[in-house]
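S.K.: any chance you could fold what I've pasted below:
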Amino acid sequence: MNPSDSTNTLALDIGATKIALAIVDGENRILRRSEVKSQQPNLANELLKGIKSLLSGEKSIASIGIASAGPIDRRLGNISPVNIPQWRDFPIVENLKNEFTEINPVLIQDAVAVALAEHRLGAGSGFSDMLGMVVSTGVGGGLIINNHIHHGLTGNAGFFGHHSISYLDEECNCGRRGCVEMYARGPAMVSRAIQSGWECAEDFKALAQSAREGNDIAQEAIDFGARALAVGIANVMAIVDVNVVVVGGGVSLAGEVYWAKLREHFNNEIKQVGFVREAQIIPATLGADAGLLGAVLAAREML
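M.R.: Reported below is the predicted structural model:
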């Protein structure tokens, strides 16, 4: 399939649990969508099957945007998502270019894509500088500086989920110790609750509901994860000298049972950073589609 006069974009959002796929038109409307499970054998083949099925009947597409969990290498077009162990230095750009020979796919880190989408279309509109954070199965971040994405040398400038806040603690999946993601991601809070005697043993949605119902163990686990994220956010805001953070991802959708704790810890942490004035922590507004929309924006503008 080759491009013609179409303004449609094929967007991929590669996460630890699933790969979201979508066809998005020139006005950022999602026309069709599907998904592929990330944790399965022969993932590359299954992904191509999913793309071909999604595009069935589509005459042409103009661009391809890929948002992927990190780390990535934009120079080589490769990805090595921490929580997708079967993909190490996987040449995602080359694979798609073999299928779409006249299109140059654009690769961007998933949390950077969310930051871009929220900056252009969502909660970050109007701010020239901001940090975007995603809290879900993993934790990621992206920076907008002077209204532009800050990629860094390889595209991993926003890889904040894997900076250490407790270097003497256990080893993270990435190989470092005490990463923010070890404590702040949804499954980590669930594991902490289970280890403390929580009997539901399901997912973060169940944990949040249990906390709403007054379960002390669930509330403590969420408090612990929210504090870890707040510490990480304050560190990054101090290093980069920005005063706005937009937080999205599945965990952030839990409502006040999570946000009350996150705001409390954020305010306590950031006030110690004396030069970050008028700091704001803002809920994302684009929901689960933010990564896809960020991939689309990056592809159209070749960011």
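S.K.: can you tell me the closest non-neighbouring residue to the most centrally placed residue in the chain?
M.R.: Nearest to the geometric centre of the chain sits A111, at 3.4 Å (CA atoms, centre = their mean). Nearest non-adjacent residue to A111, counting by CB to CB, 6 or more residues apart in numbering: G140, 2.9 Å away. C-beta here means a position set from N, CA and C on the backbone, and glycine is covered the same way.
S.K.: hey, where'd the helices end up in the stretch 101-250 of the chain?
M.R.: Using DSSP state H, counting those that start in this stretch, the helices of the stretch 101-250 of the chain run over 110-121, 180-184, 186-195, 204-212, 216-240.
S.K.: of all these, which one is nearest A67?
M.R.: helix 110-121 (3.6 Å; CB to CB).
S.K.: quick one: distance of the closest one to the chain centre.
M.R.: When C-alpha coordinates are averaged (CA atoms, centre = their mean, to the nearest Å), helix 110-121 and its chain have centres 9 Å apart.
S.K.: packing partners of that helix?
M.R.: Contacts defined by 3 or more CB pairs under 8 Å, 6 or more residues apart in numbering; DSSP states H and E place helix 110-121 against strand 9-14, strand 63-68, strand 130-135, strand 139-145, strand 148-149, strand 244-248, helix 290-301.
S.K.: tell me the SS of A44?
M.R.: Counting by DSSP: H, G, I helix; E, B strand; the rest coil, the backbone at A44 sits in helix.
S.K.: report pLDDT for it.
M.R.: Here, the pLDDT recorded for A44 equals 93.
S.K.: that one: how many residues sit nearby?
M.R.: Here the number of neighbours of A44 (other CB atoms under 10 Å) works out to 13.
S.K.: if I look at the residue lying closest to it once chain neighbours are set aside, how far off is A69?
M.R.: Leaving aside its chain neighbours, A44 sits nearest to N95 (6.3 Å; criterion: CB to CB, 6+ apart). For N95, the distance to A69 (CB to CB, to the nearest Å) stands at 17 Å.
S.K.: same check on V135?
M.R.: As for V135, its distance to A69 is 13 Å (criterion: CB to CB).
S.K.: repeat that for G274.
M.R.: Per CB to CB, G274 is found 34 Å from A69.
S.K.: so where's the stretch 1-150 of the chain shaky on pLDDT?
M.R.: Scanning the stretch 1-150 of the chain for pLDDT under 70 picks out 1-5.
S.K.: typo on my end, the stretch 201-303 of the chain
M.R.: 303.
S.K.: tell me which of the helices and strands packed on helix 110-121 sits nearest to Q86.
M.R.: Nearest of these (CB to CB): strand 9-14, 12.3 Å.
S.K.: circling back: just the helices and strands packed on helix 110-121: most buried one?
M.R.: Mean neighbour count (mean count of other CB atoms under 10 Å) peaks for strand 130-135 among the helices and strands packed on helix 110-121, with a mean of 30.
S.K.: so what are the sheet partners of that strand and their directions?
M.R.: In the sheet, strand 130-135 lines up against strand 139-145 (antiparallel), strand 244-248 (parallel) (DSSP bridges).
S.K.: including distance to S125, could these go into a markdown table?
M.R.: Output for the strands paired with strand 130-135, formatted as a markdown table (distance: least, CB to CB, whole Å):
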| stretch | distance to S125 |
| --- | --- |
| strand 139-145 | 11 |
| strand 244-248 | 10 |
